[in-house]
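Chemist: model this:
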Amino acid sequence: MQTNNLFSSERFLALCKQSLIINKRVIGITLGGSSILLFFLLYFLQASQQFSDWNNVDYSGVFAYLFFPLGILFSGLAFPAFRTKEKSMAYLMLPATRTEKYLFEFVTRILLFILIIPPMYWVVANLEGIIVNSFVPELVHYRFSFGEVWLKLTSHGHFGGWTLFAVVQGWLFSLFLFFAGASNFSKMPFRKTWFSIGVLLFGYTMFTIFLGKALNLHGISNIRLFFFKTDNAAIAALSMLITLVNVCLLTIAWFRLKEKEA
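Modeler: Okay, the predicted model is just below:
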């Protein structure tokens, strides 16, 4: 029926509810186990610095090292039903439209990760700090604050405007790239996406080397050489380019899902 091709919030919520019912135990174990592992990881890192040398910068460093790689890994595991033919057929037969399935993967693999992990880290980090401080008074700076990190980044005026937008889009690019890779590759999508990135980077490197030699540029280290008069203009153009690429990656994932349903 034609109405089956229209997005329905009721069907989308039913799809989310069904997934939660099926995977609630796995989700609970994963979140609980990750919180415990994070608790002990922070403790051992603090102990390695004799506790007294630990501060908010160290907390933010651990968050960055965990948040960005785990986000890439998690988005690269999207569309898990496409790993086998049987699961793929069952997934495609679900009473939901293509838009609802696509949005479900996007929300659960990218949006929820961005919304859940930072508060989760903040809670575990502060809880761990309070507990350890009660036994080890040398841990003076045991409270973690994202606000303090943000003020430190923006205090010099170099991390804002187009620079901030470029950083955000750059990180989203890594998520969307592996998200699109998961929709495109049925077997070992994470590894194949990495291999594809390696091939593209190698090709780009060789292209820039040959172009530099052909035009006698001695390297293309300064992007202003071609088009831009200021660094801010170059960063703005780079930001818009990455944004366009991100839209293309999401579109590719959409059409790959559409192709599998055909």
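Chemist: return the residues in contact with residue 72.
Modeler: Neighbouring residues of residue 72 by CB atoms under 8 Å, 6 or more residues apart in numbering: 174-175, 178. Any C-beta I mention is one placed from the backbone N, CA and C, and that applies to glycine too.
Chemist: restrict stretch 192-199 to CA atoms and write it as CSV.
Modeler: The C-alpha coordinates for stretch 192-199 follow below in CSV (Å, rounded to 0.1, in the frame of the first residue of the first chain):
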residue,chain,number,x,y,z
LYS,A,192,36.9,-3.1,4.7
THR,A,193,36.2,0.6,5.5
TRP,A,194,39.6,1.0,7.0
PHE,A,195,41.1,-0.6,3.9
SER,A,196,39.1,1.7,1.7
ILE,A,197,40.3,4.7,3.7
GLY,A,198,43.9,3.5,3.3
VAL,A,199,43.5,3.2,-0.5
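Chemist: for that stretch, list every residue counted as buried.
Modeler: Buried positions in stretch 192-199, judged by neighbour count with 16 or more other CB atoms under 10 Å: 192-194.
Chemist: next: stretch 78-92.
Modeler: Buried residues in stretch 78-92, defined by neighbour count with 16+ other CB under 10 Å: 78-79, 81-83, 88, 91-92.
Chemist: what ranges in the chain fall below the confidence cut-off?
Modeler: Low-confidence segments of the chain, defined by pLDDT under 70: 1-5, 156-160, 204, 207-230, 262.
Chemist: ok, back up a step: out of the contacts of residue 72, which is most surrounded?
Modeler: residue 178 (26 neighbours; other CB atoms under 10 Å).
Chemist: quick one: which helix or strand includes that residue?
Modeler: helix 162-184 (DSSP states H and E).
Chemist: give me the nearest residue to residue 103, chain neighbours excluded.
Modeler: residue 12 (6.4 Å; CB to CB, 6 or more residues apart in numbering).
Chemist: which ones are touching that neighbour?
Modeler: 96, 100, 103-104.
Chemist: which element is it on?
Modeler: Per DSSP H and E: helix 9-48 holds residue 12.
Chemist: ok, then the element right after that helix?
Modeler: That would be, after helix 9-48 and using DSSP H and E, helix 56-75.
Chemist: list the buried ones in that next one?
Modeler: Quick answer for helix 56-75 (16+ other CB under 10 Å): 56, 58-60, 62-63, 67, 71-72, 74-75.
Chemist: mind giving me the domain ranges of the chain?
Modeler: Split into domains by automatic domain parsing, the chain comes to 1-155, 156-262.
Chemist: one step back: and which of the buried residues of stretch 192-199 is nearest residue 110?
Modeler: Distance to residue 110 across these (CB to CB) is lowest for residue 193, with 14.9 Å.
Chemist: and the closest one, what does it touch?
Modeler: Per CB under 8 Å, 6+ apart, neighbours of residue 193: 76, 177-178, 181-182, 185.
Chemist: what's the angle from the helix or strand where residue 134 lies to helix 9-48?
Modeler: Assessed by DSSP H and E, residue 134 sits inside helix 112-135. Here the directions of helix 112-135 and helix 9-48 differ by 30 degrees (axes from the mean of the first three to the mean of the last three CA atoms, to 10 degrees).
Chemist: what residues does helix 112-135 touch?
Modeler: Contacts for helix 112-135 (CB under 8 Å, 6+ apart): 31, 34-35, 38-39, 42-43, 46, 51, 59, 63, 66-67, 70-71, 74-75, 139-140, 142-144, 146.
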